[in-house]
Structures are given as C-alpha cells and as structure tokens.
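Student: here are the coordinates; sequence isn't available:
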C-alpha cells in the first residue's frame, strides 16, 4: 500500500488535529506530504498539478478530520482522500479536453518499446515508471491503484465512476501493453550479462 502504511502517527496527534491544533496539522502534513505528492504525480505526471492536489488533499484532511473515526489507519484515510482528489482532477472537464481520458488504445502505434518513449538502454529497460508513463492516463491510474495501492476492482470502479468490468479490462490491456516492454528489458539485461561473462 505504498508508503502510507509505514507512517505511524500517535493517535493523540490526530485528536489534537481534530480539535484544530495547527501544530498537529503541521505534523500530519510533514508526515504525509511526500507520499501524497508522489501518488498525485503518478496520476497527473505534471509536478504543478501534483502540488495543487497535495494542497487540496490537506485542505480536505483538515476540514474533515473531525469525522475521522479511526477505524483504519490515518494514512489509509489520507491516501483515500488523495486518490479521490486525483481522480476528480482527471475527470474534470479541463483535463478531459486537454489530456483526453479516453482509452486511446486505437491511437497507439505498433512498434518496439523505444517508439513509445521507453529507453532500449539496458540500464533503463526495466524502468517501470517509464513503462507506466507510456500508458494512457486511465490505464496508468488503474494499474497504480490495483497493483501498488492494493485497491480491488470494485473499489477502483467506485472511485472512477465506472463498472468493475471496466477496471478489469483496463488492467488486462495495460498488462498486455507493458509485457513486451518489460520482456524486452529483461532480454537486454540478459544479453548484457552474457557479454560481461564472456570477457
């Protein structure tokens, strides 16, 4: 569940934050600001958008923390808010016009990994970030939510306002798209290792 689960916060800090304690708010921001930024950047791929979403996330955290019941870890709750804000951003009218959230599979041209912006250099070939960046926005978000954040297809569908079958098909298509890139990277690394052993 990414970095959120590793961050431990004293429940007393959360109670103080719920009472409006500015120092407690700062502690929460310092503890979770970087993971929230990382999550938002993976969704948007634009640092300025990610920074805006961090601010929106923490505004919502401070506004809603009185309703936090402690049934889950505070990190899980903050992560859920960050995911919701990022998905709202991706679904916004402005984003739909400028980045197009349509699947886009028919627009992708066939070819090897290099033609899709993935380096063929052995050191870079297994760069998962670069491979994910080559995916259409919706597919990238589904892969991240499912494989990294641990969301179920039902949770992804609810968060994105889609069906479970939509989430499953996006994940399947993303895997089909990523597999050749990652396999090519493994082949390149194998060739490099064989060349090194021959010396």
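Tutor: Great, that's in hand. From a predicted model like this one, the values you see are computed outputs, not experimental measurements. Numbering: from 1, shown residues only.
Student: Rank the helices and strands of this protein by mean pLDDT and give me the bottom one.
Tutor: Least confident helix or strand of the chain, by mean pLDDT, DSSP states H and E, is helix 93-99 with a mean of 52.
Student: domains in the chain, as residue ranges please.
Tutor: With domains defined by automatic domain parsing, the chain comprises 1-99, 100-199.
Student: Make JSON lines out of those and add mean neighbour count.
Tutor: Using the backbone N, CA and C atoms, a C-beta is placed for each residue, glycine as well. Below are those laid out as JSON lines (neighbours: other CB atoms under 10 Å):
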{"stretch": "domain 1-99", "mean neighbour count": "16"}
{"stretch": "domain 100-199", "mean neighbour count": "16"}
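Student: tell me the SS of residue 80?
Tutor: Under DSSP: H, G, I helix; E, B strand; the rest coil, the three-state class of residue 80 is helix.
Student: Low-confidence regions, the protein specifically.
Tutor: 1-2, 93-129, 182, 184-199 (pLDDT under 70).
Student: element containing residue 51?
Tutor: helix 47-64 (DSSP states H and E).
Student: what about that helix, distance to the chain center?
Tutor: 15 Å (CA atoms, centre = their mean, to the nearest Å).
Student: all helices of this protein, in order?
Tutor: For the chain, helices defined by DSSP state H occupy the ranges 11-18, 22-44, 47-64, 74-91, 93-99, 128-133, 137-143, 153-160, 164-198.
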